[in-house]
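Asker: Just a sequence and a predicted model for now, questions to come.
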Amino acid sequence: MNLTSLVRTSHITRTFTHSIKPISSSSSVSLSHTPTSLNPKPKTPLYLKPPIYTTSLSSLKKFQKWAKTLSSSVNASFKDSSNLHQELNWLLQDSLQNPNILQTHEENDNLVALRLKLDDLYDLWTQRIEKRRPFQYIVGCEHWRDLILSVEEGVLIPRPETELIVDLVNDVIKGGGENGDLGNGLWVDLGTGSGAIAIGIGRVLGDLGRVVGVDLSDVAVRVASYNVERYNLQDKISIKQGSWFEPLSEFKGQVAGLVSNPPYIPSGHIDGLQPEVGRHEPILALDGGDDGMSDLLHICNGAASMLKSGGFLAFETNGEDHCRFLFDHMETIHKESFCNLKIVPDFAGIQRFVTGFRS
Amino acid sequence: MDHMTRINFTSVIFATPDAGVSSETGVWAMQDFYSLRKEVEATSQRVKEIRDSAGLEQLGEELAKLETATASDSFWDDRTSAQQTLLALTDVKDKLNLLKEFQSQIDDAETIVNLTEEMEATDTALLEEAATIVKELNKALDKFELSQLLSGPYDKEGAVINITAGAGGTDAQDWADMLLRMYVRWGERQRYKTRVVEKSMGEEAGIKSATIELEGRYAFGYLSGEKGTHRIVRQSPFNAKGLRQTSFSGIEVMPLLPEDSLNVEIPEEDLQIGFSRAGGSGGQNVNKVETAVRITHIPTGVTVRCTEERSQLANKIKALSRLKAKLLVIAVEQRASEIKQIRGDTVKADWGQQIRNYVFHPYKLVKDVRTGYETTDIVSVMDGELDPFIKAYLRYKYSESMAN
């Protein structure tokens, strides 16, 4: 019921979205909606669909063999960027009621329960190989930290690098100390997408802690709300639709923590992206303007008035130069507003995050 | 013994070859008797071996020592040590009783066989009794032997096998794949829940690495001796000239321990955690599904890797629990009371030792370097017929430990 109320809210908000100033040229990419499918329900991840279809074990093995052959036909750069063997196993794992069935060497006509039609399985794998459709959209979910998040076209697939933001927040909360009880305060995730960071943070906050996730895209708002509901965190996390700080005016100066993984890829790099990313993921969540910094700088400028004194912030960047640029910007232009600024590398050693506190 | 006194000699029926139908049953009964006699002889030999290797004399001495200790006036002064002594006493007594029981059982069976021979007659009920004794005795002997050979602290747990292709490209990767199949088949024969949880494919053929999880009692106890380097000699199927080729693959075996039993704390600074890089600028630029995590325990150099989980955090958690399991096993091997005492320099040598040769060409032979056990039936071995090798190693390990 909470979901319906959230969806209804987003529906109302949506009617105002045309008045919102586009944050970058890319936001002109419209998410096509016909009046009848104005608010389609978020897609259920494959692994949660009921196993109402059946096929024989031998047909399934035939599919597996076919899919393996198709995988081996791909070019070297595709092979380098993906572990198709593992993806196929995971696809089967999500499709089958009893995935262990494939561990046997037998091939017989025993029936196997599936969560989708065998034909659809062929279709999905063809899309994966020929269209380079991301694996996570195919199975409708992404395993991120200890969460399984629903994802679909129109919402960015959360990246493993971003998992670290939750750890950074957790460290700050558990550190306690001079900044007061941040864990029981209000947190904001700008550009929440699937809701990954918001949910990650929601699960480490104290009993009184709350999170607001904001996104401009209808799909993201729907998917994030669905994920929040799936983890039964409706009382802790709310998802609002709008551009960055717009839906948050009531919280000015009260925010205990502000985090964001905004679009940060320079517009000129979009064409050269890995096909899974460039062709399939929402450009709204990727394109950060000419230098990739426009959204980061916008958020940075607004953060000072949103955060309360002692409040924490963490931003993800395109890495290295971008990260240092943002750090320098905050240290010089906003030197009155922020303190204890830090550059934090990701697990691959790339300078990725800027963290700090509101003075 | 009691039932021997109850033998009713009048019930002994003589084999009567001249009596039509009954001659037929008589012949069958004689055949049954011969096979029973053979079984009794074999079991008797087995009882002797087990009693010998159990060290009856030592057990007797230990019993005397423990009994003296319990008789001492100051015995109950230290309650904890008193409890321990009593437990040890019960253990030794139980073991001695069991060994005595084996002997008396086989004596009974032998008496029946001897009697039947002397009387030149078969008493079906009596022979059936002997057959039952032998059958039950063998079961008990199996159990006893197992408890002796598999008495390590983690032996009754499930197991994780890690296979890594050695240097040498496609040939070694194909060999790793053959070993993967061999262990999966073995696991299935044992009716263990056997799952290949991770497999990293080779460029042309075979695998670079794989991980198998086997759930079931004593999987680790049986497999622990498989760790080491396995060497193959064959004509290379990947070489047009079919030259003779030697390849290696490394096998690691760890117990599959439940999370809550891993109450070992490893200081954060002792761990070096590496992640598979997304490549390029990472972040939003790249969508890579695989999130492999590799953890090295710096003081010992022990390394584990986990790629099968679908999130980085999950891989990290699993890698850490595998690392703990591996360190616990190494600690037991080195008789170290805690992980801090593990000598890293010897770990590498121990775990990389060449343990078995599989020769496909110019002749066929599988030979274990440690036990000397060998067979020419290489096809069966590759189909998972590993029990003779495993049992030979367990006996070898047991006798080594007795010798020390």
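Answerer: That came through fine.
Asker: For chain B, which residues are neighbours of chain A?
Answerer: B:188, B:193-196, B:198-201, B:273, B:275, B:277-279, B:281-291, B:307-314 (C-beta under 8 Å from any C-beta of the partner chain). The way it works is simple: take the backbone N, C-alpha and C, and place the C-beta from them, glycine included.
Asker: Inside helices: which ones of those residues?
Answerer: B:188, B:312-314 (DSSP state H).
Asker: any chance of these in JSON lines, with pLDDT too?
Answerer: As requested, those are exported to JSON lines (pLDDT from 0 to 100):
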{"residue": "B:E188", "pLDDT": "91"}
{"residue": "B:Q312", "pLDDT": "90"}
{"residue": "B:L313", "pLDDT": "90"}
{"residue": "B:A314", "pLDDT": "91"}
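Asker: Across the sheet, point out what pairs with B:E252.
Answerer: B:N162 (DSSP bridges).
Asker: so is the residue lying closest to A:E107 once chain neighbours are set aside in a helix, a strand, or just coil?
Answerer: With sequence-adjacent residues excluded and distances taken as C-beta to C-beta, 6 or more residues apart in numbering or on different chains, A:E107 is closest to A:S58, at 4.6 Å. Secondary structure state of A:S58, per DSSP: H, G, I helix; E, B strand; the rest coil, is helix.
Asker: Based on its surroundings, how many neighbours for A:S58?
Answerer: By other C-beta atoms under 10 Å in any protein chain shown, 14 other residues sit near A:S58.
Asker: Likewise for A:S194?
Answerer: 30.
Asker: Next, the contact list for it, please.
Answerer: A:142, A:149-151, A:155-158, A:220, A:223-224, A:227 (C-beta atoms under 8 Å, 6 or more residues apart in numbering or on different chains).
Asker: For it, give me the pLDDT.
Answerer: With respect to pLDDT, A:S194 scores 97.
Asker: Would you list the phi and psi of it?
Answerer: Main-chain torsions, A:S194, degrees, to the nearest 10: phi -70, psi -10.
Asker: Against A:M293, how distant is it?
Answerer: Distance from A:S194 to A:M293, counting by C-beta to C-beta, to the nearest Å: 24 Å.
Asker: residue ranges of the helices in the chain, please?
Answerer: Because you didn't say which chain, this covers chain A. A:2-17, A:57-72, A:76-81, A:84-95, A:118-130, A:135-139, A:163-175, A:196-202, A:218-230, A:275-278, A:294-306, A:321-332.
Asker: please go with chain B instead
Answerer: B:2-5, B:20-53, B:56-71, B:79-119, B:124-149, B:169-189, B:219-223, B:312-333, B:344-352, B:378-382, B:387-403.
Asker: Off-centre distance for stretch B:73-90?
Answerer: 33 Å (C-alpha atoms, centre = their mean, to the nearest Å).
Asker: what's the answer for stretch B:330-338, then?
Answerer: With C-alpha atoms, centre = their mean, you get 19 Å for stretch B:330-338.
Asker: Quick one: residues in contact with stretch A:112-121.
Answerer: A:46-47, A:49-57, A:59-60, A:63, A:91, A:94-98, A:101, A:124.
Asker: At the contact with chain B, which residues of the stretch 201-350 of chain A appear?
Answerer: A:261, A:263-265, A:269, A:273-274, A:276-277, A:281, A:285-286, A:316-320, A:346-348, A:350.
Asker: which of the residues you listed are buried?
Answerer: Buried members of these, scored by 16 or more other C-beta atoms under 10 Å in any protein chain shown, are A:261, A:263-265, A:269, A:273-274, A:276-277, A:281, A:285-286, A:316-319, A:346-348, A:350.
Asker: near chain B, which residues of the stretch 1-150 of chain A show up?
Answerer: So far as C-beta under 8 Å from any C-beta goes, the stretch 1-150 of chain A lies against chain B at A:80-83, A:85-87, A:90, A:100, A:103-105, A:134-136, A:143-147.
Asker: hmm, 6 Å instead?
Answerer: A:83, A:85, A:87, A:103, A:134-135, A:143-146 (C-beta under 6 Å from any C-beta of the partner chain).
Asker: How many residues are close by B:I298?
Answerer: Using other C-beta under 10 Å: B:I298 sits among 13 other residues.
Asker: Give me the neighbour count for residue 335.
Answerer: Picked chain A for this. 11.
Asker: Hmm, no, I was thinking of chain B.
Answerer: B:R335: 7 surrounding residues under other C-beta under 10 Å.
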